[in-house]
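1. Fold the following for me, if possible:
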Amino acid sequence: MKPGARTENRTGAGGATPLAVIFDLDGVLVDSTDVMRRAFSVAYAEAVGPGPAPFAEYNRHLGRYFPDIMRIMGLPPAMEEPFVRESYRLAHLVPLFPGVPALLAALRDRGLKLAVATGKSGPRARSLLDQLGVLGVFDEVLGSDEVAHPKPAPDIVLRALELLGVAAGDAIMVGDAVTDIASARGAGVRAVAALWGECDEAELLAARPDDVLRAPGELLDFFPAFAR
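-> As a prediction, the model looks like this:
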């Protein structure tokens, strides 16, 4: 499949309709870029000092666990505490993307098992989803602090499959970062790129996801009996 192309027959392994969907959180379900930018700027000022915070570089590593990003960027681990503090304080400003509530409701109506596998910590992810009123929609919500090796390793996707009781060939993973594609592929799960957030589209397409979506509702195309 050419990068960026949409497959016509969106089905799981062996032609079977998928039984489960595993979502990344930031940039897929929630529009958190502005809050992350603000939290990162405060954390940088407190832990590093004055000057522009390198958020653009940080944004390139989204999908990874925050401590891993600090290590990659050569920034102090002390940034994590103020970043998490500010993220909690500003969480009420994080919305679900338009179309996501309807998508989640439709998937639940169709009997799909749903999980979140995020670069955030598990407690912070569950707190945010609870605040947004959708925590109960998901069968499982996993954070990077709850597996041995966070994305791009496959651990978090494999753990989600185990908890859901679903085989890799019966699930899809929807993410907006190269780390999501790599994690899904390592777990043997169909990797679907979400392009409705502030992702690096060219970089994401270069990772050659199995499918590409430009709006949340397009995910229903994987379920032909219920397609719009």
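2. Off-centre distance for the lowest-mean-pLDDT helix or strand in the chain?
-> None of the helices or strands of the chain scores lower by mean pLDDT, DSSP states H and E than helix 55-60, at a mean of 90. A distance of 16 Å separates the centroid of the chain from that of helix 55-60, by Cα atoms, centre = their mean, to the nearest Å.
3. swap in stretch 26-41?
-> 12 Å.
4. I'd like the average pLDDT over it.
-> Mean per-residue pLDDT for stretch 26-41: 96.
5. thought Ala115 was touching Leu129?
-> No. Judged on Cβ atoms under 8 Å, Ala115 makes no contact with Leu129 at a distance of 11.5 Å. C-beta: built from backbone N, CA, C; applies to glycine.
6. any common contacting residues for these two?
-> 138, 141 (Cβ atoms under 8 Å, 6 or more residues apart in numbering).
7. quick one on the thing from earlier: what residues of the least confident helix or strand of the chain count as buried?
-> 55, 58-60 (16 or more other Cβ atoms under 10 Å).
8. next helix or strand past it?
-> Where DSSP states H and E defines the elements, the next helix or strand beyond helix 55-60 is helix 66-73.
9. Now the element after that next one, going C-ward?
-> helix 80-89.
10. Domain map for this structure?
-> According to automatic domain parsing, the chain comprises the domains 13-31+94-226, 33-93.
11. before we move on, the earlier item: with respect to Val84, which of the buried residues of helix 55-60 is nearest?
-> Tyr58 (14.3 Å; Cβ to Cβ).
12. How about the closest one, nearest residue that isn't a chain neighbour?
-> Take Tyr58 and drop its neighbours on the chain: the residue closest to it by Cβ to Cβ, 6 or more residues apart in numbering is Phe40, 5.7 Å away.
13. Tell me which helix or strand that neighbour sits in.
-> helix 33-47.
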